[in-house]
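When you get a sec, could you give me coordinates for this:
(one chain, ligands or ions: 2)
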Amino acid sequence: MTMKGERSEAGDPQAAGEETARHLPYPSGWFCLERSRRVPPGRVLTRRFMGEDVVLYRTSTGRPHAVRPYCPHLGAHLGTGGTVEGQNLVCPFHRFAFSPDGTCVGTPDGAPPPRARLQHHTVRERNGFLFAWYAPDGTSPTWEIPGTDHARVRPTATWSTEVSTYAQEIIENTLDYRHLPVLHHVAVEELDPPQTQGPLLRMRLRLGPDRPRVLRESVKADHTFLMAGLGYLRVEFPLPALGLVSYLWAMHTPAAPRRTRMLVATACTDIHQQATPEASLPRRGLHRAFAHAMLRTAVGKVHQDLRIWNTKRYEPRPRLAASDDAIGMFRHWARQFYPPA
Ligand code: FES
Ligand SMILES: [Fe+2]
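Numbering: from 1, shown residues only. Ligands and ions are numbered 1, 2, ... in the order given. I've put the predicted structure just below:
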């Protein structure tokens, strides 16, 4: 109820404008749909992507595809019983077959209808992840996700969840050094400040426990962070004493407005594995053990963030302190992924 002399918030254009500013539209870029191994040849899966279903499948030659879900014939959902037959995706309703370029190439009783096409999303596969490109105006990709130095590295351990926040808010967390000791009990030292190069943002931090420990210095590690758009974060940290290098990916895919699917994955490999074809069995066991331990630690930290993310609101004009420089520059960099205001 509005008291005499007060203005109703619903009728207040300034309040309405502030509420609009708190809403972030879907950003452009590459967003992870699934791990490659979950989509073997012949498998058809449905995932949420920018408020719509996407049907993911892989043909018999191994090529992955992601299409809009509804058949152009009479609108059946291709993720509900659609099948892969050779190179084609076949609709479960009347068995119209669609080739990899989206053209309808056959029906059970003869010629395909003219102009019946499936709409494809542009897809890439990197390090065992499948990505789809999104641009609000439907334009083609203008950049690519950089591969890892260890081209053969694939995620060993993974964990996923859904969060009631924006992909931008989750990525921003990485540049919010101030929350690391408070929420995660992690001490941070900036080795290389954030540097941007178009859609990429790189920085190097030294991270370790913030409480005195006997082995405190030995458990500090130098982490190289790479962000590619607002959906992809990769952290690389070498463990030279063990001849290992570890990778952590955190990928954020908008599923609906203010709803983001988060995938955390880890891998570990020998630093020099580019040169050797295959690690020995005991080394592979060590890689797996490290990857799983790393994932447990990372997921523990994400749980500490989840409580904040799920209840915070997006502040379009945050009141930043002097030591929040990295957040300010991140906000500036992030603007490129949205349509002009
Ligand atoms: S609805 Fe797909 S073939 Fe008829
Ligand atoms: Fe955090």
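
mind listing what the spatially most central residue of the chain touches?
Compute the mean C-alpha point of the chain, and by CA atoms, centre = their mean the closest residue is residue 251, 2.4 Å away. Counting by CB atoms under 8 Å, 6 or more residues apart in numbering, residue 251 touches 31, 32, 129, 231, 232, 233, 262, 263, 264, 265. C-beta: built from backbone N, CA, C; applies to glycine.

Tell me the bridge partners for the fifth one.
Using DSSP bridges, the beta-bridge partners of residue 232 come out as residue 251.

That one against residue 32, yeah?
Yes - counting by CB atoms under 8 Å, residue 232 does reach residue 32; the two are 7.2 Å apart.

Spell out which residues are contacts of both of the two.
131, 251.

Among the contacts of residue 251, find me the one that's closest to residue 205.
residue 233 (12.6 Å; CB to CB).

Look up phi and psi at the residue of the stretch 201-341 of the chain found nearest ligand 2.
Closest residue of the stretch 201-341 of the chain to ligand 2, CB to the ion: residue 305 (4.0 Å). Dihedral pair for residue 305: phi -80, psi -30, per degrees, to the nearest 10.

repeat for residue 226
phi -130, psi 120.

how about the nearest residue to it, chain neighbours excluded?
residue 234 (4.8 Å; CB to CB, 6 or more residues apart in numbering).

now the host helix or strand of that neighbour, how far from the centre of its chain.
Assigned by DSSP states H and E, residue 234 falls within strand 232-239. Relative to its chain's centre, strand 232-239 lies at 14 Å (CA atoms, centre = their mean, to the nearest Å).

Next: stretch 22-42.
Distance, centroid of stretch 22-42 to centroid of chain: 6 Å (CA atoms, centre = their mean).

next one: stretch 245-258
That offset, for stretch 245-258, works out to 3 Å (CA atoms, centre = their mean).

What is the burial count for the closest residue to residue 242 other than its chain neighbours?
Leaving aside its chain neighbours, residue 242 sits nearest to residue 286 (7.7 Å; criterion: CB to CB, 6+ apart). Neighbourhood size, residue 286 [other CB atoms under 10 Å]: 17.

Residue 245: what's it in contact with?
150, 236, 237, 238, 239, 268, 269, 270, 271.

hey, what's the second one bridged with?
In other words, residue 236. residue 224, residue 247.
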